[in-house]
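Asker: okay, predicted coordinates and the sequence, questions at the end:
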Amino acid sequence: MNADNKSCTLDSDSQYVELAVEVFSMLADATRVRIILALRSGEMAVGALAELLGKTPASVSQHLAKMRLARMVATRQEGTKVLYRLENEHARQLVVDAIHQAEHALGGTPAHHARGRQSA
């Protein structure tokens, strides 16, 4: 039991709390949230992301550069294209959970709960 406690990083005094705040800060931008949602289905080039989001490639590139430094996205070179993908599933899950939390703010039964009842 004690061995489990040593590996747990979810304590309120964890050294990771400040880093978690930086992650939330990085996600406190609608374009970055949209980038994560777009990358859920796989790799995309800057131009494709820009077109999907209705932003300029330069703007999307700046966001991706910050997200890459934060290790939220990774790249792969394919010829002259640079393809971006999510580094891991955690940023995706944070965004999905945030959107589900936002649905609760609208009142009533959130769509993600209604879907669960239909499949039950």
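Answerer: Sure thing, it's come through.
Asker: just want the most central residue of the protein.
Answerer: For the chain, the residue nearest the mean C-alpha position is Ala91 (3.2 Å; CA atoms, centre = their mean).
Asker: can you tell me the closest non-neighbouring residue to it?
Answerer: Once flanking residues are discounted, Ala91 sits nearest to Met72: 4.6 Å by CB to CB, 6 or more residues apart in numbering. All C-beta atoms are positioned from the backbone trio N, CA, C, and that covers glycine.
Asker: same question, Thr9
Answerer: Nearest residue to Thr9 in three dimensions, chain neighbours excluded: Tyr16, at 5.0 Å (CB to CB, 6+ apart).
Asker: pretty sure that neighbour sits against Glu22.
Answerer: No - the pair Tyr16 / Glu22 is not scored as a contact, 10.0 Å apart, by CB atoms under 8 Å.
Asker: let me see the contact set for Thr75.
Answerer: Arg68, Val82, Leu83, Tyr84, Arg85 (CB atoms under 8 Å, 6 or more residues apart in numbering).
Asker: what sits against the residue nearest to the centre of the chain?
Answerer: With CB under 8 Å, 6+ apart, Ala91 has these contacts: Val23, Leu27, Ile36, Met72.
Asker: could you list the buried residues of whichever helix or strand it is part of?
Answerer: Per DSSP states H and E, Ala91 falls inside helix 89-105. Buried residues in helix 89-105, defined by neighbour count with 16 or more other CB atoms under 10 Å: Ala91, Arg92, Leu94, Val95, Glu103.
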